[in-house]
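A.B. asks: structure for the following, please:
(chains A and B)
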Amino acid sequence: MSPDIFSNMGNTIFSIVMVLAQIFLIILFAPLLSGISKKTKAFFQLRKGPGIFQTYYDLAKLFRKESVVSHNASWIFYATPIVSFVAILTAGLLIPTYTTHLPLGFAGDIIAVMYLFAVARFFVVLVGLDTGSAFGGMGSSREMFVAALVEPAMMLSIFAVAVSAGSTNLGHIAQTVSVSGLGAISPAYLFAVVAFFIIIIAETGRIPVDNPATHLELTMIHEAMLLEYSGKQLAIIELATMMKQLLIFSLFANIFFPWGIWSGTGFGGSMITVSAIAISITIYLAKIAIIAVCVAISETSTAKWRMFRLTDLLSISLILSFLSIVSFIIARGV
Amino acid sequence: MSEIDFGSGLMPALIALILVSTFMLLGSKRLYTCVRAFGFQSFLLAVVAAVVAYSTGRSEIYVVSFLTLIIKAAIIPYVFIKISRDIGVKREIELYVNISPSLLIGGLLVVISYYLAQAININTQLSNYALSVSMSLLFIGLFIMISRKKAMTQMLGILIMENGIFLGAISLTYGMPLIVELGIFFDALVAVLIMGIMVFRINKTFETVDTDVLHTLIG
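C.D. replies: Numbers count the residues shown, from 1 in each chain, chains lettered A, B, ... in the order given. Prediction:
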């Protein structure tokens, strides 16, 4: 065997390790992120609050419990937790976390990510309608109302960065932005950052849009659809929601602030690679934690909005992402 | 010319933030948030003036920047909030055109002014964005004056237009002569005070600051 094959073998194994690492990273740190944002909120509300590992205990407890399923539930009710979990995890393999070398980068780009999120959302919305409770249907209709405004804004704001990077592959975008340094901060970039921050709040169900901590019927969106779930199924779907939050934060961190991301493509076979990966994972976790704290601060400083005022907030986001693309085109001089 | 490089690196970002603050104002239904957004916009304008002063090396623009900071970012918002507290204006503003459509119209106005600025085709060393954004502020200010019902927000509209003209002047021509700038500042300040007194009078006579009511005669 030539050494070439050896290095190919090494790279294949390395790629598999990378996939597993990314999956573990996402599943492992998603509950921690929820814990951090809950703790931050508690701090600003002068409460002690649960510890940052409480979400792990909750999930562990739910996994040990039995699931109670309504007689009226169809197969959708059983399929949804798994479909949404898998869809979001697959999207996670297309989103850069600590490295720009994406495990599934050859298979899809930002459009695939959007559709995977949409599949997860579609099934959760169906479940809201499935059991026939009035509550769930209300949650579903609200979820679609918000989604219809958020999705185009999210697409446009990422596209604004994508056109300047010249690719819709998220790893490539992160790479391009991180290499261009401070030159990346153009008007198009700033508009997109502001637009995306509003999208984070809407997409992760934070306070002006949805309140994750309440079961009050007038305010809730996401919880209303999941009311019928219990036990293991609830645990899986909660974990999927937390993962989605982590991934949305990762998108924000690595599209707009990708500095410090590891951009190596293969295994060099030295300690340098390992330590570089360790450093970039640390930087990544720090970025995500900072975003979680920022979102929690903005959440504590605002009040829950009336449902029909959300269009105002979300259309700011939509308009800013539109302006972002316009200002890119103007700057290029077409 | 590293100073010019520094300025041209920083200016597009600042000018984009000015546009963002305009949209915050356009997208808000609360009077105080609007006033705060205006104050933030004026603060950014002062920073723009300071950057222009630094990169062109003209020290008199520092004075302009300082005056912008004092008058537009501090005194005028203060006067606004004081007037609205004194006459007890409703905190929620009323509009002819709702928030979402007015944001859309705002976006459209920005596109139009980009297009117009392209047609004029002025390139300065500092920023190509300045002219188009200054025109957008002009249009959006005018739109705010048309689409808001209350005298207070109409005042904000004219101040945004004024900010737009200031932005254009400072970044395209590196500032008018200091005496002209001083005149404009004085003008804006006096305008706000006079409009404040007018609002008081309107409120006293009609018991509202809704300018719709001014169409009807009072005998």
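
A.B. asks: dump the residue contacts of residue A:45.
C.D. replies: With contacts defined as C-beta atoms under 8 Å, 6 or more residues apart in numbering or on different chains, the neighbours of residue A:45 are residue A:300. To be clear about C-beta, it is placed using only N, CA and C from the backbone, and glycine gets the same treatment.

A.B. asks: how about the residue of the stretch 101-250 of chain A found nearest chain B: what's its closest non-neighbour residue?
C.D. replies: Going by C-beta to the nearest C-beta, chain B is nearest to residue A:187 of the stretch 101-250 of chain A, at 3.4 Å. Leaving aside its chain neighbours, residue A:187 sits nearest to residue B:16 (3.4 Å; criterion: C-beta to C-beta, 6 or more residues apart in numbering or on different chains).

A.B. asks: list the buried residues of the helix or strand hosting that neighbour.
C.D. replies: Per DSSP states H and E: residue B:16 is located in helix B:2-26. Within helix B:2-26, the residues that qualify as buried are B:7-8, B:10-26, counting by 16 or more other C-beta atoms under 10 Å in any protein chain shown.

A.B. asks: helices and strands around the longest helix seen in chain B, which ones?
C.D. replies: In chain B, taking DSSP state H as the definition, the longest helix is helix B:178-206. Counting contacts by 3 or more C-beta pairs under 8 Å, 6 or more residues apart in numbering or on different chains; DSSP states H and E, helix B:178-206 packs against helix B:60-67, helix B:76-86, helix B:151-172.

A.B. asks: quick one: which of those is nearest residue A:164?
C.D. replies: helix B:151-172 (23.2 Å; C-beta to C-beta).

A.B. asks: residue boundaries of the strands in the stretch 51-200 of chain A?
C.D. replies: Counting by DSSP state E, counting those that start in this stretch, the stretch 51-200 of chain A forms no strands at all.

A.B. asks: ranges for the helices of it?
C.D. replies: Taking DSSP state H, counting those that start in this stretch as the test, the helices found in the stretch 51-200 of chain A are A:54-64, A:75-92, A:110-130, A:134-165, A:170-180, A:187-203.

A.B. asks: can you tell me which of those helices the model trusts least?
C.D. replies: Ranked by mean pLDDT, the helices of the stretch 51-200 of chain A bottom out at helix A:170-180, with a mean of 86.

A.B. asks: buried sites along it?
C.D. replies: For helix A:170-180, by 16+ other C-beta under 10 Å, it's A:170, A:171, A:172, A:173, A:174, A:175, A:176, A:177, A:178.

A.B. asks: name the element residue A:12 belongs to?
C.D. replies: With DSSP H and E as the criterion, residue A:12 is inside helix A:3-44.

A.B. asks: er, residue B:38 actually
C.D. replies: In this assignment (DSSP H and E), residue B:38 forms part of helix B:31-56.

A.B. asks: quick check: angle from that helix to helix B:2-26?
C.D. replies: On the basis of axes from the mean of the first three to the mean of the last three C-alpha atoms, to 10 degrees, helix B:31-56 is oriented at 170 degrees to helix B:2-26.

A.B. asks: hmm, residue A:127 and residue A:143 touching each other?
C.D. replies: No: using C-beta atoms under 8 Å as the test, residue A:143 is too far from residue A:127 to be in contact (10.7 Å).

A.B. asks: export the helices and strands packed on helix B:178-206 to TSV and tack on mean pLDDT?
C.D. replies: TSV is the format used below for the helices and strands packed on helix B:178-206 (pLDDT from 0 to 100):
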stretch	mean pLDDT
helix B:60-67	87
helix B:76-86	85
helix B:151-172	86
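
A.B. asks: which one, of the ones you listed, ends up nearest to chain A?
C.D. replies: Among those, helix B:151-172 sits nearest to chain A (C-beta to the nearest C-beta), with 13.7 Å.

A.B. asks: would you pull up how far the closest one lies from the middle of the chain?
C.D. replies: A distance of 3 Å separates the centroid of the chain from that of helix B:151-172, by C-alpha atoms, centre = their mean, to the nearest Å.

A.B. asks: stretch B:140-156 now?
C.D. replies: 11 Å.

A.B. asks: may I have it as CSV, with CA atoms only?
C.D. replies: In CSV, the C-alpha atoms belonging to stretch B:140-156 read as follows (Å, rounded to 0.1, in the frame of the first residue of the first chain):
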residue,chain,number,x,y,z
ILE,B,140,-38.4,58.9,5.2
GLY,B,141,-38.7,62.1,7.3
LEU,B,142,-41.2,63.5,4.9
PHE,B,143,-43.1,60.2,5.0
ILE,B,144,-43.2,60.3,8.8
MET,B,145,-44.6,63.9,8.6
ILE,B,146,-47.3,62.7,6.3
SER,B,147,-48.2,59.4,7.9
ARG,B,148,-48.3,60.3,11.6
LYS,B,149,-51.3,61.9,13.2
LYS,B,150,-49.8,63.7,16.2
ALA,B,151,-47.9,67.0,16.1
MET,B,152,-45.1,65.5,18.2
THR,B,153,-44.2,62.8,15.7
GLN,B,154,-44.5,65.2,12.8
MET,B,155,-41.9,67.3,14.6
LEU,B,156,-39.7,64.2,14.7
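
A.B. asks: follow-up on the earlier one: and the helix holding residue A:12, what does it pack against?
C.D. replies: Going by 3+ C-beta pairs under 8 Å, 6+ apart, helix A:3-44 lies up against helix A:54-64, helix A:75-92, helix A:231-256, helix A:271-300.
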